[in-house]
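Student: Sequence first, then the predicted structure, then my questions.
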Amino acid sequence: MRAARYHEYGGTDTLVVEQAPDPLPGPGEIRVRVMAASVNPVDWKVRNGSVRDFLPIDLPAIPGRDVAGLVDRTGEGVSSVDIGDRVFGLGGVTGATAELAVLSAWAHAPANWSDTEAAAAGLASVTALGGLKALGQLEGRTLLIEGAAGGVGGAAVEIARALGATVIGTASERNHAFLTSLGALPVTYGAGLAERLASLTPSGVDLVLDAAASGSLADLVDIVGDPDRVVTVADHVNAQRLGVRVANAVNDATL
C-alpha cells in the first residue's frame, strides 16, 4: 500500500509518501480501506518526538490515529461489521495516513456524515469523554473548558452540557458566537481570565478541562484552587510539574 511515513523524528519535511507493508488485523480488530484520515495535535507531537516519553513509537511510522473507511478485512472474533461497511474509529498511536489502516475501536458512520466529518469525529470526542470522566460528577457544576472552540473542546462543551453542567468556554472573540451556539458561555482566554470569570460567574468555577496546552495550566489551577479539580488532555509536561491529572484517549468502542 501507499502511505505517508517518517523515518526519523522531526518536522513535516520528514514525511515521505512511499510503499509500506499492508497491515493485517489481529483478533478483535478490523482493517479498512481509508477514505479520509484526520490530523490532530497529538500527531505532530508524536512525529517531532516531543512526547516520546509518554507515547513511544517504532520508526518508520505512519502518522495518524483517526480514520473513516470501508471495512475490507476482519480479525478473529469480529462479528459487528461486514465487509464493505462504512465505519469511523481509532487505531494505534500511528497508522492512519495510508491506503489501509487497522482499527481496534470503531462505530458505523452515520449516513448523513461525510467521510471527512466521520474521520474527524472519533479521537476528539473520545478524548473529550476521557477528560470529562476524570472530572467526575458534572450535573449542577460549573465547568471551565480552556480551548473550547477546538475539536476536543467543542465536543467537550456539548457532552458536558448534555450531562447537566454549566459550561464556560475560552476562545478568541471570533469564536464566541460558535461557543454560544454549542451552549457555552464564551470568555476570551489569556491574561486577566480570572477577573473576567469573576464577573461572569460570581459563584466561581468548580472544575476545569484544559484542551489547549497553551501554557495556562498554572493559572487554571489557581482559578479553582486545587490541582485535583483540573484535568488536561494536552499539556503532559506541565501537568506532571503541577500535579494535574492527564486524560488520554482510549480505544473503547462503547465510547
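Tutor: Received the coordinates, thanks.
Student: can you list the residues that contact stretch 182-197?
Tutor: Residues from elsewhere that reach stretch 182-197, judged by CB atoms under 8 Å, 6 or more residues apart in numbering: 144-148, 154, 157-158, 161, 166-173, 175-177, 179-180, 200-201, 204-205, 212, 214, 216, 219, 222-223. All C-beta atoms are positioned from the backbone trio N, CA, C, and that covers glycine.
Student: So which of these are in helices?
Tutor: Gly154, Val157, Glu158, Arg161, His176, Ala177, Leu179, Thr180, Leu200, Asp219, Asp222, Ile223 (DSSP state H).
Student: Make CSV out of these and add neighbour count.
Tutor: CSV is the format used below for the ones in helices among the contacts of stretch 182-197 (neighbours: other CB atoms under 10 Å):
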residue, neighbour count
Gly154, 24
Val157, 27
Glu158, 15
Arg161, 16
His176, 19
Ala177, 10
Leu179, 23
Thr180, 12
Leu200, 14
Asp219, 16
Asp222, 14
Ile223, 19
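Student: Report the two of the residues you listed separated the most.
Tutor: Taking CB to CB as the measure, these reach their widest spread between Ala177 and Asp222, a distance of 28.7 Å.
Student: mind listing the strands for the protein?
Tutor: 2-6, 15-19, 30-37, 66-74, 86-90, 100-103, 105-108, 142-146, 166-170, 185-187, 207-210, 230-232, 245-246 (DSSP state E).
Student: and the shortest one, what's its mean pLDDT?
Tutor: Read it as strand 245-246. Taken as a whole, strand 245-246 has a mean pLDDT of 92.
Student: Just checking: what are the partner strands of that strand?
Tutor: The sheet places strand 245-246 alongside strand 230-232 (parallel), with pairing taken from DSSP bridges.
Student: what mean pLDDT does the partner strand have?
Tutor: Strand 230-232 shows a mean pLDDT of 95.
Student: now do stretch 5-12
Tutor: The pLDDT scores in stretch 5-12 average 96.
Student: With stretch 102-112 instead?
Tutor: Averaging the model's pLDDT scores along stretch 102-112 yields 97.
Student: That one spans what distance, first to last residue?
Tutor: Between the opening and closing residues of stretch 102-112 we find a distance of 24 Å, counting by CA to CA, to the nearest Å.
Student: Would you mark the buried spots in it?
Tutor: For stretch 102-112, burial by neighbour count (16 or more other CB atoms under 10 Å) applies to Val102, Leu103, Ser104, Ala105, Trp106, Ala107, Ala109.
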